[in-house]
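> here is my input; please provide its structure:
(2 chains)
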Amino acid sequence: MAERDSSATEQARGEDAEHHRKATPGALTGIEGLDFILDGGVPAGQPTLLRGGPGSGKTAIAMTFFCHGLSQGEPSVLATFDESPEALTRHAEALGFPLRQYLDQGLGRILDMRPDRSELVAGEAFELTALLARIGHALDALGAHRLVLDAIDGMDESFRADSSLRAELARVFDWIRERDATTILTAGEENDFSRRYGLEEYIADCVILLKQEIRQRRMTRLLRILKRRGGGHGTNEFPFLLDQEGVFLAPVTGTRLEARPSAERHGTGIAGLDAMLGGGGPYRGSSVMVSGQSGTGKTTFAAAFADAACRAGDRVLYLSFEESTEELLRNQRSVGLELAEHIAPHGSGRLSLQPLLAVELGWEEHLLRIMRAVQEQQPAVVVLDPASALGDATESRQGKEMLLRLFYLLKREGVTVLATELLSDYSGGVSRLDVSSIIDVWIKLSRPEDGRNLRRLLNVVKARGLPTSDQIRGFELTHDGVYITEPSPQGRPC
Amino acid sequence: MSDKPVLRLYIAGRTPAADRAIRNLEQLLEDAYGDEVGYDLQVIDILERPQLAEDERILATPVVIKELPPPVRRVVGDLSERDKVLIGLDLQQPS
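Below is the predicted model:
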């Protein structure tokens, strides 16, 4: 099906990479983040090796590739060398794919290639022709060009004594190219199978490595593209999620990647603050941070912003790291914000409130869950309240790096971010998140004591591309919202 | 005759290994059963009949499957190691 001439590809290999990139189209795996970093999927009509230890997710990824083809009406074949066809079918169903249905329809086929353990070996010269004949037969019968060979290291067991396996495997890979079958082969790390037979260096066109690492005492799944002939690829390790919702990898899509800086602006829900920002609030797609010590009213600024966005017809994803949904709704009701109006099923459904306990998950997992929610809900605005809960979740630099990456990813998706930052009482009002480089609008709240009275003060530290007021203003939290008051006569807050 | 062993040898094209396997197996069966009971050997080229390879879940060739008498036994390779083949197929030693 893919239009590719293998001899032309051989020639193109010698030519410059830029040319070849166009000559080797990708086949989508169905995992958007992976297709994105692979520059459009695994190389069409060629073998891709997926290597990882037990439980690293290689079968889940291969299965997603298989089922994605089927879900698009593309006939596909899977040959298993380790798990039984029934176990694999259940695996696919656990990932949410109706595989049994596809198999019953005759759209897909699972071939059982598990070695027969009772089989005795007598004499030499094994040939894998039988294996190829069976796979070829199934591909022909279905008209399929999408193939998975799961756990090919299972072959090692049946052929251990045979020194010709290396040559035979090379033949399998050549055969795949001749058949123009886009193929994912998975192999474990045991016995160094793929290196022993030179699969990575010589044979596969694309090699993806999976591993698990303990970071912050939490397990993180990582994926790395080791090699991608005829295409660019990221060299970084990409964390990914694997659960009942399937495989998820950030960066997510390229769909909104091209989003140009917008001239449109969001109202902040606080008239006086809009006025301080030149009469319109921050630009769409920009990042806003509200910093302040405990009790300065950060969450109310976030809630007012979310409320205003919902009223303007935007979808808002509000991630609350410290307050439960009920607490947030109750507390903001006291300052005149009725957020429940925007929440389904009784409200408009524009606001999605998600309480997340920062300590519950590893930071990578947080980032991926947030990006997955963004992909599912396509909000115009994401509120992180407080973002410092993520940054502080670890004492190392990683929390800050993760926040930077999160801001970056959200920005690339064209999402407006409003984050609050809790400054500790001893911080002297200095931000510790080190994310200022990516923040477009930075608002600082404070509550200095001057003997008898408590005053609430606000100033705009920076506002890229907006005319701003340098003045320090006061503000009041009233039963019907936030009111900005006249410039403070006392000057700078301490 | 009821004792007559029934065997199928699966090959993938007429490769040197396939030819050796046919030769080795025929010789072995001839020695063991040739004069008295006889034997039933069918050579199947899976390139011509791939569905049979699928049905028998054949991974490597040549492979001989002894269907009768039970139990079913399989031996893979060019069958050059005569003793191993006899043991593997659970056939009687030629006297």
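> does A:Q332 touch A:A303 like I think?
Yes - counting by Cβ atoms under 8 Å, A:Q332 touches A:A303, with 4.4 Å between them. C-beta here means a position set from N, CA and C on the backbone, and glycine is covered the same way.
> quickly list what's touching both of the two.
Jointly contacting A:Q332 and A:A303 under the rule Cβ atoms under 8 Å, 6 or more residues apart in numbering or on different chains are A:L339.
> neighbour count for these two, which is higher?
Taking neighbours as other Cβ atoms under 10 Å in any protein chain shown, A:Q332 and A:A303 compare with A:A303 leading, 27 against 21.
> buried ones in the helix or strand hosting that one?
Per DSSP states H and E, A:A303 falls inside helix A:298-311. Judged by neighbour count (16 or more other Cβ atoms under 10 Å in any protein chain shown), helix A:298-311 contains these buried residues: A:298-310.
> that one - what's its average pLDDT?
Here helix A:298-311 scores 95 as its mean pLDDT.
> quick one: name whatever helix or strand follows it.
Per DSSP H and E, the helix or strand that comes after helix A:298-311 is strand A:316-320.
> quick one: A:T48 and A:A181 touch, right?
No - using Cβ under 8 Å, A:T48 is not in contact with A:A181; the gap is 11.1 Å.
> okay, the two: which has more neighbours?
A:T48 (28 against 24).
> put the alpha carbons of the helix or strand hosting the more buried one into PDB.
A:T48 is part of strand A:47-52 when elements are defined by DSSP H and E. This file holds the C-alpha atoms of strand A:47-52, laid out as PDB (Å, rounded to 0.1, in the frame of the first residue of the first chain):
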ATOM      1  CA  PRO A  47      11.700  -2.900  10.000                       C
ATOM      2  CA  THR A  48      11.700  -1.000  13.300                       C
ATOM      3  CA  LEU A  49      13.200  -2.700  16.400                       C
ATOM      4  CA  LEU A  50      11.700  -1.900  19.800                       C
ATOM      5  CA  ARG A  51      14.000  -3.100  22.600                       C
ATOM      6  CA  GLY A  52      13.300  -3.100  26.300                       C
END
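> in its sheet, what does it sit against?
strand A:182-187 (parallel), strand A:206-215 (parallel) (DSSP bridges).
> what's the least confident stretch among those?
When I compare these, strand A:206-215 is least confident, with a mean of 87.
> ok, for the most centrally placed residue in chain B, nearest residue in space, not its chain neighbours?
Central residue of chain B (Cα atoms, centre = their mean): B:V64, 3.4 Å from the mean position. In space, and not counting its chain neighbours, B:V64 is closest to B:L9: 4.7 Å by Cβ to Cβ, 6 or more residues apart in numbering or on different chains.
> ok, now which ones touch A:H68?
A:L28, A:T29, A:G30, A:I31.
> run the last query once more with 6 Å
Residues near A:H68 by Cβ atoms under 6 Å, 6 or more residues apart in numbering or on different chains: A:G30.
> report the inter-axis angle for the helix or strand containing it versus strand A:47-52.
Per DSSP H and E, A:H68 falls inside helix A:58-71. Counting by axes from the mean of the first three to the mean of the last three Cα atoms, to 10 degrees, helix A:58-71 lies at 140 degrees to strand A:47-52.
> mind listing what's buried in helix A:58-71?
A:58-71.
> just stretch B:77-95 next, same as before
B:G77, B:D78, B:L79, B:S80, B:E81, B:R82, B:K84, B:V85, B:L86, B:G88, B:L89, B:L91.
> so, low pLDDT: which residues of the stretch 51-200 of chain A?
A:123-127, A:157-164 (pLDDT under 70).
> can you give me the strands in it?
A:76-80, A:108-112, A:120-121, A:146-150, A:182-187 (DSSP state E, counting those that start in this stretch).
> out of the ones you listed, which is closest to B:R49?
strand A:108-112 (16.0 Å; Cβ to Cβ).
> which strands and helices lie in contact with that closest one?
On a contact count with 3 or more Cβ pairs under 6 Å, 6 or more residues apart in numbering or on different chains; DSSP states H and E, strand A:108-112 meets strand A:76-80, helix A:129-142.
> which residues sit against the helix or strand of chain B with the lowest mean pLDDT?
Averaged element by element with mean pLDDT, DSSP states H and E, chain B has its least confident helix or strand at helix B:82-89 (a mean of 86). Residues from elsewhere that reach helix B:82-89, judged by Cβ under 6 Å, 6+ apart: A:L120, A:A122, B:L28, B:K66, B:R73, B:V75, B:L79.
> what about the fifth one, how many residues close to it?
Using other Cβ under 10 Å, B:R73 is surrounded by 19 other residues.
> quick check: phi and psi on it?
phi -130, psi 150 (degrees, to the nearest 10).
> was I right about it contacting B:L91?
No - counting by Cβ atoms under 6 Å, B:L91 is not a contact partner of B:R73; they are 8.6 Å apart.
> residue numbers of chain B in contact with chain A?
B:12, B:17, B:46-47, B:50, B:53-54, B:57-61, B:74-81, B:84-85, B:88 (Cβ under 6 Å from any Cβ of the partner chain).
> from those residues, which ones fall inside strands?
B:R74, B:V75, B:V76 (DSSP state E).
> just checking, the second one touches A:L120?
Which is B:V75. Yes - applying Cβ under 6 Å as the test, B:V75 and A:L120 come out as touching, 4.8 Å apart.
> nearest spatial neighbour of A:M276, chain-adjacent residues omitted?
Nearest one to A:M276, counting by Cβ to Cβ, 6+ apart, is A:S469 at 4.4 Å.
> for the spatially closest residue to A:E74 that is not a sequence neighbour, give its distance to A:Y318.
The spatial neighbour of A:E74 that comes closest, neighbours along the chain excluded (Cβ to Cβ, 6+ apart), is A:R146 at 5.7 Å. A:R146 is 41 Å from A:Y318, where distance means Cβ to Cβ, to the nearest Å.
> helix A:129-142 and the helix ranked longest in chain B, what's the angle between them?
Taking DSSP state H as the criterion, chain B has its longest helix at helix B:16-33. Helix B:16-33 runs at 110 degrees relative to helix A:129-142, counting by the same axes, to 10 degrees.
> tell me how many other residues crowd B:A17.
Around B:A17 there are 23 residues (other Cβ under 10 Å).
> quick check: it vs B:P62, distance?
6 Å.
> do the same with B:L41
12 Å.
> same question, A:M113
Using Cβ to Cβ, which is the criterion applied here, A:M113 is 18 Å from B:P62.
> which of the buried residues of helix A:298-311 are close to chain B?
Within the buried residues of helix A:298-311, nothing lies near chain B by Cβ under 6 Å from any Cβ.
> just to revisit the earlier point, can you put the helices and strands packed on strand A:108-112 in a markdown table and add distance to chain B and mean neighbour count?
Shown next, in a markdown table, are the helices and strands packed on strand A:108-112 (distance: least, Cβ to the nearest Cβ, whole Å; neighbours: other Cβ atoms under 10 Å in any protein chain shown):
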| stretch | distance to chain B | mean neighbour count |
| --- | --- | --- |
| strand A:76-80 | 10 | 26 |
| helix A:129-142 | 3 | 21 |
